[in-house]
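1. Quick check, what structure comes out for this input:
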Amino acid sequence: KMSINTESCLGVFSLHTASWIIAILQLSYSILSIFSEFASLNIDIADIDTIDHTYLVIYCSDHIVFAFCHFMAICAAILLLLSQTLLPADPSPLLIWLLLTTFHPLLYLMALLANLMRGNIEGVASMMIHSGLPFLLTMYCMHLMYTLYRQKRKEQNYPQQTLYTEISLQHI
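-> Residues are numbered from 1 along each chain as shown. Purely as a prediction, here's the structure:
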């Protein structure tokens with residue numbers, strides 16, 4: 001009894017097709033998020049002298065860090081698109097994609113933990129409402145791409161193992 005173990009995305013798309021969908025969605029979402037991060041900076045230059053500078057640094061640094069994470073996601077999406085086009089059999093770009101994509105979920109978890117440690121339940125609830133679904137979707141996409149990585153590694157090693165088995169059987 002042979003069973004074919006082909007993994008898929010929700011049982012509908014192949015992992016290769018899912019990688020294209022993930023890259024396009026990641027690219028679109030990250031570009032829109034960068035624009036919204038900088039659009040939400042409501043600092044009036046005329047009032048810059050009256051604003052507490054500590055608050056200003058913290059306020060701006062939060063936006064810059066989130067923009068950096070989205071920039072890394074844009075780089076990851078472009079890498080995924082290029083690697084699936086130019087090197088479809090090579091699994092190594094998927095690990096780089098995983099690394100670049102990890103920035104945003106880690107930042108989310110750190111901010112969630114910081115709000116929990118401060119006892120800011122409203123901040124935790126707000127983060128879960130606004131960023132919880134993107135976090136879960138990102139984690140699922142990371143799982144899919146790691147599964148694709150394992151599948152590609154398995155395909156690369158399978159012919160070598162078959163060739164080795166044939167050579168060792170000929171010597172017997």
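
2. Which residues are in contact with the closest residue in space to Ala76 that isn't next to it in sequence?
-> Once flanking residues are discounted, Ala76 sits nearest to Leu100: 3.6 Å by CB to CB, 6 or more residues apart in numbering. In short, each C-beta sits where N, CA and C put it, glycine included. By CB atoms under 8 Å, 6 or more residues apart in numbering, the residues touching Leu100 are 72-73, 75-76, 79.

3. Might you report the residue contacts of Cys75?
-> Leu100.

4. Give me the nearest residue to the residue nearest to the spatial centre of the chain, chain neighbours excluded.
-> In the chain, the centroid-proximal residue (CA atoms, centre = their mean) is Thr101; its distance is 2.8 Å. Closest residue in space to Thr101, ignoring its immediate chain neighbours: Ala76 at 4.8 Å, by CB to CB, 6+ apart.

5. so which helix or strand takes in that neighbour?
-> helix 53-86 (DSSP states H and E).

6. next helix or strand past that helix?
-> helix 92-101.

7. Tell me the gap between that following helix and the middle of its chain.
-> 8 Å (CA atoms, centre = their mean, to the nearest Å).

8. Return the set of buried residues in that helix.
-> 93-94, 97-98, 100-101 (16 or more other CB atoms under 10 Å).

9. Same question for stretch 139-157.
-> Result for stretch 139-157 [16+ other CB under 10 Å]: buried residues 141-142, 144-145, 147-149, 151-152.

10. any idea which of the residues you listed is closest to Phe38?
-> Distance to Phe38, by CB to CB, is smallest for Cys141 among the buried residues of stretch 139-157, at 24.8 Å.

11. Could you pull up phi and psi at the residue nearest to the closest one when sequence neighbours are not counted?
-> With sequence-adjacent residues excluded and distances taken as CB to CB, 6+ apart, Cys141 is closest to Ile22, at 4.8 Å. Phi and psi for Ile22, reported as degrees, to the nearest 10, are phi -60, psi -50.
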